[in-house]
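Participant: what follows is a predicted structure for the sequence shown.
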Amino acid sequence: MEKIVKTEAEWKNLLTAEQYHITREHGTERAFCGAFYDHKKPGTYSCVCCGLELFSSDAKFDSGTGWPSFFQPVKPEHVTEQTDLSFGMRRVEILCARCDAHLGHVFDDGPRPTRLRYCLNSESLVFTEK
């Protein structure tokens, strides 16, 4: 997949201040406040920065955490992982594979069939209804 690379000025011009903070500065929105944490419409969630399809509503579940959660991405190669040691914790950060936007984190306490919980920031996503 070809990478999308922009300058910080280009990202700031493209995104809202909150989207920029979350996707480019690895921020996190407050729980139970994001537009998609309790969103139930059928469709696809894509990267707010580059439009790459990331997660389907078919894989969305209520994790009780206050963030939109999914048990698998649309395609595994659309999401990359890296170790996150911030805040004195060891977590696995997930990024958009095309533009390296910070999306959230993945945990191993999700439902079947994968047992994974991709916990995302609503601000990192754009939704297209089916």
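Facilitator: That came through fine.
Participant: the strands in this protein, which residues?
Facilitator: Taking DSSP state E to define them, one finds strands in the chain at 43-47, 53-56, 60-61, 69-70, 79-84, 91-96, 102-107, 117-120, 125-129.
Participant: can you give the strand pairings for the first one, parallel or anti for each?
Facilitator: Think strand 43-47. strand 53-56 (antiparallel), strand 125-129 (antiparallel) (DSSP bridges).
Participant: just name the most buried of the ones you listed.
Facilitator: With neighbours defined as mean count of other C-beta atoms under 10 Å, these peak in mean count at strand 53-56, which reaches a mean of 20. Every residue, glycine included, has its C-beta placed from N, CA and C.
Participant: contacts for that strand?
Facilitator: 43-47, 70, 72-75, 78-79, 96, 103, 118, 120, 125 (C-beta atoms under 8 Å, 6 or more residues apart in numbering).
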